[in-house]
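# Quick one: sequence and predicted model below, then my questions.
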Amino acid sequence: MAPVAVAQPTDVLSNKLDKLHLAAKPASELKQPDIEYHPDEVKWKARTARRLAEDPSLPHTPLPEGFPKVLESPLVWEGKDWKDESQWTYQLSDVHLEEIDAALKYFHSLEKPLGHVNQDNFPLPKLGPVLKDLARELHTGRGFFVLRTLPVDSYSREDVIIVYAGVSSYVGNSRGVQDRDGGVIAHIKDLTETHPAKTIGAPAYTTDKQVFHTDAGDIISLFALETAAEGGTSRISSSWTVYNELAKSRPDLIKTLSEPWPLDGFGRDPAYKLRPLLFSEDGKVIIQYARRLFTGFLGLPRSTDIPPITEAQAEALDTIHFLAEKHNLGLNFQKGDIQYINNLSIFHARDAFTDTAEK
């Protein structure tokens, strides 16, 4: 499918996460709720109805201190607000593509390692200012845009990476680490044909649906090297819209999200870490989570020797997903497109897809 790069990890979020990595506690005898990676709408509605019947006061729970009653920003939107992809897509011109080719040749002439590519050694005098304007849209506008279209078949795979990193350096000037080996790009593709299921712990490496989630960092980018034969639509949804709906109708779930959750370490040391999924800072909110850390997925099932999540947390997980789904926007991702999103205000997901021998 497509590689993903993370840029500009936020200091505020990192500092808060470090402070909230509390000491591990013995696993409770309580059982994990009936919840799986793929959200079940019937179970969600039944759990919601049951919890509200048991405690009708839940919708009247005060918001946690410091959390806003409503977020007002261009980052608050619904999928139906966008009528045409020209609203979020920037088409690269022949002049821009020629400039990118020249920048690639200049970078090669310097004989620097790939990790050194930046604005100084990948000069884009015409496109660079355009990209910086688009980057401002990520933070003060709608929070996303698509760059169309880089001719990926015209480059070697190494040159594709250099171009991707060079262009992206004008959108986010720092690259975040993706894994423990220090990689800054993750290659997203179906591995089920070449790897046993027990070795795959994330839906990104299958043809399966990826539910709404966030990654780490301020800006997330996705570069499509190829599209699927069928399906695979990239979907985004405003987490600030989801927050507003929860704050109005279910503030108790805001409280639940702002309290510590047990994130599965999947056999690492420590076995789990505790931290909230929702943060408030200067009148803004950040939701940072991946569902599989609480449900497991395929070759990495939920660990049995760590504390389970609660029924309230299970309801919150499902509610986030279904509200994000309700307000989502599907992007017409084409080969050679790069999608950039504000990870601090937007959830992303991917539909299941089918590949063929030809595509």
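Done, it's in.

# so what's the residue most central in space within the chain up against?
In the chain, the centroid-proximal residue (Cα atoms, centre = their mean) is Thr214; its distance is 3.0 Å. Contacts here follow Cβ atoms under 8 Å, 6 or more residues apart in numbering; on that basis Thr214 touches Ile220, Ser239, Ile287, Gln288, Tyr289, Ala290, Asn343, Ile346, Phe347, His348. To be clear about C-beta, it is placed using only N, CA and C from the backbone, and glycine gets the same treatment.

# now Ser258
Pro64, Phe67, Pro276, Leu277, Leu278, Phe279, Ser280 are the contacts of Ser258 under Cβ under 8 Å, 6+ apart.

# Show only the entries of those residues found in strands.
Leu278, Phe279, Ser280 (DSSP state E).

# helix/strand/coil for Leu323?
helix (DSSP: H, G, I helix; E, B strand; the rest coil).

# number of nearby residues for Lys80?
9 (other Cβ atoms under 10 Å).

# measure it to Leu329 for me?
Applying Cβ to Cβ, to the nearest Å, the value for Lys80 to Leu329 is 8 Å.

# cool, and Arg180?
33 Å.

# Repeat that for Phe223.
19 Å.

# Out of the ones in strands among the contacts of Ser258, which is nearest to Leu147?
Phe279 (29.5 Å; Cβ to Cβ).

# does the closest residue in space to the closest one that isn't next to it in sequence count as helix, strand or coil?
Spatial nearest neighbour of Phe279, chain neighbours left out: Ile286 (4.6 Å); criterion: Cβ to Cβ, 6 or more residues apart in numbering. Here Ile286 is recorded as strand under three-state DSSP.

# Would you agree Ile286 is in contact with Phe347?
No. Using Cβ atoms under 8 Å, Ile286 is not in contact with Phe347, being 11.9 Å away.

# Who has more neighbours out of these two?
Using other Cβ under 10 Å as the criterion, Ile286 and Phe347 rank with Phe347 on top: 26 against 22.

# Surely that one is in a strand?
Yes. Phe347: assigned to a strand according to three-state DSSP.

# Remind me which helix or strand the nearest residue to it once chain neighbours are set aside belongs to.
Sequence neighbours aside, Phe212 is the residue nearest to Phe347 in space, at 4.1 Å (criterion: Cβ to Cβ, 6+ apart). Under the criterion DSSP states H and E, the helix or strand holding Phe212 is strand 210-213.

# do Lys112 as well
Judged by DSSP H and E, Lys112 forms part of no helix or strand.

# Give me the neighbour count for the closest residue to it other than its chain neighbours.
In this structure, Lys112 finds its nearest non-sequential neighbour in Asn121, 6.4 Å apart by Cβ to Cβ, 6+ apart. Neighbour count for Asn121, taken as other Cβ under 10 Å: 15.

# Could you list which residues are in contact with Asn121?
Tyr106, Phe107, Leu110, Lys112.

# So which of the residues you listed is surrounded by the most neighbours?
Phe107 leads the contacts of Asn121 on contacts (other Cβ under 10 Å) with 22 neighbours.

# So Met357, which state does it fall into?
Quick fix: residue 357 is Ala, not Met. coil.

# Next, find the distance separating it from Glu98.
35 Å.

# The two: which has the busier surroundings?
Using other Cβ under 10 Å, the more surrounded residue of Ala357 and Glu98 is Glu98, with 11 against 5.

# what secondary structure does the more buried one sit in?
When the rule is three-state DSSP, Glu98 gets the label helix.

# residues contacting the closest residue to Thr295 other than its chain neighbours?
Distances taken as Cβ to Cβ, 6+ apart place Tyr37 nearest to Thr295, at 4.6 Å, with adjacent residues excluded. Residues in contact with Tyr37 (Cβ under 8 Å, 6+ apart) are Pro203, Val211, Arg291, Arg292, Thr295, Gly296, Phe297.
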